[in-house]
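*Asks:* predicted model, plus sequence, below.
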Amino acid sequence: MTAKIFRNSMAVGISVFLLSVALFMGVLYQYFGGQLTDELENEAWLVARGVELQGMEYLEGLNSSSRITWVDRDGTVLYDNMADPSTMENHSDRAEIQDAMRGSQGTSVRDSSTLAEKTFYVARRLEDGTVIRLASAQYTIVVLLLSMIQPLMIILVAALILAAVLAHRLSKGIIRPILDLDLEHPEDCDTYDELAPLLTRIRRQNDTIRRQMDLLRQRQQEFAALTENMSEGFVLLDQKGHILSHNSGALRLLGTIAPAEEANVLTLDRSDAFRRVVEQALAGNRNQGRLERGGRCIQVMADPVSHDGQVVGAVLVLVDVTEREQGEQMRREFTANVSHELKTPLTAISGMAEIIKNGMVEPEDITGFAGDIYKESQRLIALVEDIIHLSRLDEGAPNLQREDVDLMALAKSAEQRLEPLAKKAGVTIMVAGAPFTVHGVRAVLDEMIYNLCDNAVKYNRPGGTVAVSVSPAPGGKGGEVTVSDTGIGIPAQDQERVFERFYRVDKSHSKEIGGTGLGLSIVKHGAALHDAQVELTSTLGQGTSVKLIFSR
Amino acid sequence: MRNTFQEQLEQLNVELIRMGALCEEAISDATKAYLEGDRELGRQACRLEQEIDNKERDIESQCMKLLLRQQPVARDLRAVSAAMRMISDMERIGDQALDIAEIARDMAPNRLGSRTPMEEMAREAIGMVTDSVDSFVRGDLNLAHGVIARDDKVDRLFLQVREELTSLIAAGEDGSVCLDMLMVAKYFERIGDHACNIAQWVEYALTGQYEED
């Protein structure tokens, strides 16, 4: 901008300068030329008069800056104040002299041989016919220009500087309003009218950009909200393994802090398993792996992202599979336990039946064997029943009918059913308290209370007591059922585990006592089904108390 | 030109992280092999040591190439020179892991370990290596300082182990077993020192200051 303005103003300056120089020189040159001729004519007249009066003497006494030549009638030079007349050639052929001879005066202008000078001649005829000629040289216009070159150059340089300063200030002045434009709010700008269309355009584009930015931000926020709120970890990589995007779930699962922008994925986790999964994904193979982080088991699933058949990145999804692993582990154990528990009585039954079949048993012993077989098959039936109960509870018992159940009545019925067993063990069962009802599944609630009482009798000592207390909550909603015994108790380290399936505190004697090892597990699941809490307090050797708290 | 340089620097970083990961794995394998008498893990540690050696050569030539061809200055130069120093420390850690694994191989399981804070020492040493690599990965100066500070603890533990082993020998326990244990303790202590060195190089790469200890 400045350069352009500078160039333009320089061009204007220089052309004006050249034009005026040319004009002035032309006009002045003409003027001075005329002046010189006039002066020469006056001087010639004066000299002519002088020579007419005094002759040669006048000429010799004259002191003039002009060249004065006195030419005789035949053209011979009689006198010259700047040269020896005898060496000068005949002047009769000179135009001004011929003119003067014919008339009274003649003038002529001749360029000198070098072009540097121009000579003005004025000749005047005296009365005696001779001619006085005055000559004065004037520099030609070229020489004049050359002689003036120094001041001209100074003026030119001054013009350059002036032009530069002016151009600078001018361009600054022009540019300022443009620079001061508030492009964010172009409609508020008070500037050149010529810029109005541009500003309108900018305003419109600003609007478009703002709208699109808003849209993008919204999308981004939606995406972030989506990924932030998922419990799974999520990492997006480019084809070189730089992290493009990640959520806090990924950081939490990997137990690391936020990586730097565009950092390599290995900064998240550098374990061999993780690296292999990422490398495979970036090579275009979807695959997965397992990591152990802080006691949690994390599954990493990696999918390559392809575009036009080329892998351009990968998506990693991290899932905490600890619970699933544990669940699987439990199921595996359960299956193993079930098969074992089922097989034990079956083996006994099969063994005894085989002995009888082979006729190796005395007829009088057969009753005994049959009793054993009966006992074992009863055990088997109880076990299968418990397993069916449990699996029904596992499914959340969707088909079970719910009704209002009086827990006091259930406790009493359990007491009745256990009476023979209790008598055999020398244990007294006492049911006390006030009745209350729970909206639930009768069969399950019955099973729960029966199992608790059954355990209390089984793990009691002769002469012990089982106290069942049923007490409604003061508020009228729900209540508690406590079954306490004076039995052998449960060691502290086993108290957590007795609710697990097939868990037995005393594994070696479990067979004598009977039971399937599933009773408390059924209690736990039944309680969960009824939103009830189970509290177990036990002191080894003094007894156990299990409290069921129904909250509704 | 600068772009390829940046890429090469990043590649170097990634390789360093991998080497760090290898070291962590080697030392934790060797430690498990020693503490739990797992032969398979011991062999694994030997393999890892080989891999670490190869990695060191790779990274070294990568560094030389970077230095010669790109002639980095200032921060980049520090990063490359710190990398060259770090890999030699990492390589030493790999060697110590191998040494521990070798002792574990030749050693019958014994009950003396439970009477010395060997496990704690192992945990500290592994933690220091992990933290030093982490401080490099994240460019975390505080973590690096933490590692440097932790070195004292490992040194103290070594002295404790030594004292307890002396008293065990005085009490008539098998001397050669005790000496082996002392060696292992010393290796852990050395691993701690190397982790500390790595942390110092991280500090140097980040700030340009190297603190001699």
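*Replies:* Structure's in. What do you need?
*Asks:* off-centre distance for the helix ranked longest in chain B?
*Replies:* Scanning chain B for the longest helix, with DSSP state H as the assignment, gives helix B:2-36. What separates the centre of helix B:2-36 from the centre of its chain is 11 Å, taken as Cα atoms, centre = their mean, to the nearest Å.
*Asks:* mind listing what the residue in chain A that chain B sits nearest to touches?
*Replies:* The nearest approach of chain A to chain B comes at residue A:270, 3.8 Å away (Cβ to the nearest Cβ). Quick note: C-beta positions are derived from backbone N, CA and C, even for glycine. Applying Cβ atoms under 8 Å, 6 or more residues apart in numbering or on different chains, we find residue A:270 in contact with B:17-18, B:20-21, B:24, B:133, B:137.
*Asks:* quick check, it in a helix?
*Replies:* No - under DSSP: H, G, I helix; E, B strand; the rest coil, residue A:270 falls outside any helix and is assigned coil.
*Asks:* could you pull up phi and psi at it?
*Replies:* Here is the backbone geometry of residue A:270 (degrees, to the nearest 10): phi -110, psi 10.
*Asks:* check residue A:440 too.
*Replies:* Per degrees, to the nearest 10, the backbone of residue A:440 is at phi -170, psi -170.
*Asks:* what of residue A:246?
*Replies:* Dihedral angles (degrees, to the nearest 10) for residue A:246: phi -150, psi 160.
*Asks:* I'd guessed it sits against residue A:232; true?
*Replies:* No - in this structure residue A:246 lies outside contact range of residue A:232 using Cβ atoms under 8 Å: 11.8 Å.
*Asks:* and the helix or strand hosting residue B:176, anywhere near chain A?
*Replies:* Using DSSP states H and E, residue B:176 sits within helix B:175-207. No - with Cβ under 8 Å from any Cβ of the partner chain as the criterion, chain A is not reached by helix B:175-207; the gap is at least 12.8 Å.
*Asks:* show me how far that helix is from its chain's centre.
*Replies:* With Cα atoms, centre = their mean, you get 6 Å for helix B:175-207.
*Asks:* so between residue A:246 and residue A:232, which is more surrounded?
*Replies:* residue A:246 (22 against 16; other Cβ atoms under 10 Å in any protein chain shown).
*Asks:* wait, what's in contact with that one?
*Replies:* Residues in contact with residue A:246 (Cβ under 8 Å, 6+ apart) are A:233-236, A:258-259, A:268.
*Asks:* so who does residue A:238 touch?
*Replies:* A:244, A:312-313.
*Asks:* residue A:421 now?
*Replies:* Here residue A:421 is in contact with A:454, A:457-458 (Cβ under 8 Å, 6+ apart).
*Asks:* equivalent analysis for residue B:26, please.
*Replies:* Neighbours of residue B:26 in contact, by Cβ under 8 Å, 6+ apart: B:45, B:48-49, B:52, B:93-94, B:97-98.
*Asks:* show me which of these are buried.
*Replies:* Buried subset of those (neighbour count, 16 or more other Cβ atoms under 10 Å in any protein chain shown): B:45, B:48-49, B:52, B:93-94, B:97-98.
*Asks:* list the buried ones in stretch B:50-69?
*Replies:* Quick answer for stretch B:50-69 (16+ other Cβ under 10 Å): B:51-52, B:55-56, B:59, B:62-63, B:66.
*Asks:* neighbours of the residue of chain B found nearest chain A, just the number please.
*Replies:* Nearest residue of chain B to chain A, counting by Cβ to the nearest Cβ: residue B:21, 3.8 Å away. Residue B:21: 20 surrounding residues under other Cβ under 10 Å.
*Asks:* same check, this time on residue A:178
*Replies:* Applying other Cβ under 10 Å, I find that residue A:178 has 13 neighbouring residues.
*Asks:* so it touches residue A:195, yeah?
*Replies:* Yes - the pair residue A:178 and residue A:195 qualifies as a contact (Cβ under 8 Å) at a distance of 7.2 Å.
*Asks:* from one end of stretch A:531-551 to the other, what's the distance?
*Replies:* 7 Å (Cα to Cα, to the nearest Å).
*Asks:* could you dump the buried ones among the contacts of residue B:26 into CSV with secondary structure added?
*Replies:* Shown next, in CSV, are these (three-state DSSP):
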residue, secondary structure
B:45, helix
B:48, helix
B:49, helix
B:52, helix
B:93, helix
B:94, helix
B:97, helix
B:98, helix
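*Asks:* so where's chain B uncertain?
*Replies:* B:1-2, B:108-116, B:212-213 (pLDDT under 70).
*Asks:* quick one: name the residues of it near chain A.
*Replies:* So far as Cβ under 8 Å from any Cβ goes, chain B lies against chain A at B:10, B:13-14, B:17-18, B:20-21, B:24-25, B:133, B:137-139.
*Asks:* mind doing that once more with 7 Å?
*Replies:* B:10, B:13-14, B:17-18, B:20-21, B:25, B:137-138 (Cβ under 7 Å from any Cβ of the partner chain).
*Asks:* now, the most widely separated pair of the residues you listed?
*Replies:* Greatest spatial distance in the residues of chain B next to chain A: B:10 and B:25, 22.7 Å, computed using Cβ to Cβ.
*Asks:* which one's more surrounded, these two?
*Replies:* Each of residue B:10 and residue B:25 has its neighbours counted (other Cβ under 10 Å); residue B:25 has more, 20 against 16.
*Asks:* spit out the contact partners of the residue lying closest to the more buried one once chain neighbours are set aside.
*Replies:* The shortest distance from residue B:25 to any non-neighbouring residue, by Cβ to Cβ, 6 or more residues apart in numbering or on different chains, is to residue B:48 (5.8 Å). Contacts for residue B:48 (Cβ atoms under 7 Å, 6 or more residues apart in numbering or on different chains) come out as B:22, B:25-26, B:29, B:94.
*Asks:* what does stretch A:48-57 contact?
*Replies:* Counting by Cβ under 7 Å, 6+ apart, A:58-59, A:62, A:70, A:79, A:124, A:126-127, A:132 sit against stretch A:48-57.
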